[in-house]
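Novice: Predicted model and sequence below, questions to follow.
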Amino acid sequence: MEWYKSWFNSEEYLKVYRHRDDKDAEALINLVLNNIDKEKVKTVLDMACGTGRHAIIFAKNGFNVTAVDLSENLLQLGKENAERAGVKIEFIQSDIREFYSDTKFDLVLNLFTSIGYFERDEENYYILEKAYKLLNDGGHFVLDYFNKEYVESHLVPQTIDEFDNTIIVQNRFISGERVIKEITIDSNGKVNKFYESVRMFSYDELVNALKKAGFGIQKIFGDFDGNSFELETSPRIIIIANK
């Protein structure tokens, strides 16, 4: 079920995630830039860029940024955000599995849990292999994913959000190796239902998949502030790898 195609391109997606701001994005980018040889980085690829939060900050820092996403709606917002920020970014609409570039990049990013959507692990891991192929030798890859153990122990079964004649109910549960979210949005009496299903990769699965793709693991953090990764308590797994 390719739920992500309709969900990420819907207006409702932006309502559900309207609280996202640049604070986490800026913290993550600072973490990355402080832990790579940024003087050797000129070109950046943001795989699954969404509205361009991370891409825009990289562009503001003087990097040449290419940003790819499947959602036409999110890309349009990204273009508007970049224009407001006064930065130039090459936005490309593509499934990241199918994205192709003649040129390679010094830094490739896959942030905010942007693999794991696909039913087959081979397809999810293919994103990591794709990142490796798109990197210049000596380049860096950054993977930011949720920590499976943390999700399992901190899962909130239901949240209800009310604003502007809109009620958003999110029901969450774990089924096998996937975390499922069922979203019901009632906006002025019009009800829409959406669905998310994301593979919960363990720390070992992610590290081993990166190594199998050819990467060398440089550093691993447990949150955007750069604290060390702790299996039971870290909310994120942020891996900086190199080719």
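Specialist: Structure's in. What do you need?
Novice: what's stretch 219-229 in contact with?
Specialist: Residues from elsewhere that reach stretch 219-229 (C-beta atoms under 8 Å, 6 or more residues apart in numbering): 24, 27-28, 31, 34-35, 147, 203, 207, 230, 233-240. The way it works is simple: take the backbone N, C-alpha and C, and place the C-beta from them, glycine included.
Novice: how far does it stretch from start to finish?
Specialist: Using C-alpha to C-alpha, to the nearest Å, the end-to-end distance of stretch 219-229 comes out at 10 Å.
Novice: mind checking how far it is from the chain centre?
Specialist: Distance of stretch 219-229 from its chain centroid, counting by C-alpha atoms, centre = their mean, to the nearest Å, is 16 Å.
Novice: again with stretch 231-243
Specialist: Offset of stretch 231-243 from its chain centre (C-alpha atoms, centre = their mean): 13 Å.
Novice: Touching the one helix or strand Glu12 maps to from outside, list them.
Specialist: Element membership of Glu12, judged by DSSP states H and E, is helix 11-16. For helix 11-16, contacts defined as C-beta under 8 Å, 6+ apart pick out 7, 73-74, 77, 161, 166, 168, 170, 183, 185, 187, 192, 194.
Novice: Only the buried residues of the helix or strand that it is followed by, if you could.
Specialist: From helix 11-16 onward toward the C-terminus, using DSSP H and E, the following helix or strand is helix 22-33. Neighbour-count burial for helix 22-33 flags 24-25, 28-29, 31-33 (criterion: 16 or more other C-beta atoms under 10 Å).
Novice: need those residues in TSV with pLDDT, can you?
Specialist: Formatted as TSV, the buried residues of helix 22-33 follow (pLDDT from 0 to 100):
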residue	pLDDT
Asp24	91
Ala25	93
Leu28	96
Ile29	97
Leu31	98
Val32	98
Leu33	97
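Novice: While we're on Met1, how confident is the model there?
Specialist: At Met1, the predicted lDDT confidence score is 61.
Novice: mind listing what the longest strand seen in the chain pairs with, with the direction of each?
Specialist: Counting residues, the longest strand found in the chain (DSSP state E) is strand 135-146. Note on strand 135-146: by DSSP bridges, its sheet partners are strand 105-110 (parallel), strand 236-242 (antiparallel).
Novice: would you turn the ones you listed into CSV with mean pLDDT, distance to Phe63 and mean neighbour count?
Specialist: What follows is the strands paired with strand 135-146, written out as CSV (pLDDT from 0 to 100; distance: least, C-beta to C-beta, whole Å; neighbours: other C-beta atoms under 10 Å):
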stretch, mean pLDDT, distance to Phe63, mean neighbour count
strand 105-110, 98, 8, 24
strand 236-242, 98, 16, 22
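Novice: Out of these, flag the one nearest Ile92.
Specialist: With C-beta to C-beta, the closest approach to Ile92 among the strands paired with strand 135-146 belongs to strand 105-110: 12.7 Å.
Novice: What lies in contact with stretch 154-162?
Specialist: Residues from elsewhere that reach stretch 154-162, judged by C-beta under 8 Å, 6+ apart: 16, 167-174, 179, 235.
Novice: need the strands paired with strand 135-146 in a markdown table with distance to Leu128, can you?
Specialist: Formatted as a markdown table, those follow (distance: least, C-beta to C-beta, whole Å):
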| stretch | distance to Leu128 |
| --- | --- |
| strand 105-110 | 8 |
| strand 236-242 | 9 |
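Novice: Tell me which of those strands approaches Val151 most closely.
Specialist: Closest of the strands paired with strand 135-146 to Val151 is strand 236-242, at 10.4 Å (criterion: C-beta to C-beta).
Novice: Assign the nearest residue to Tyr117 once chain neighbours are set aside to helix, strand or coil.
Specialist: Among residues not flanking Tyr117 along the chain, Tyr4 sits closest, at 4.8 Å (C-beta to C-beta, 6 or more residues apart in numbering). Assigned with DSSP: H, G, I helix; E, B strand; the rest coil, Tyr4 falls in the helix class.
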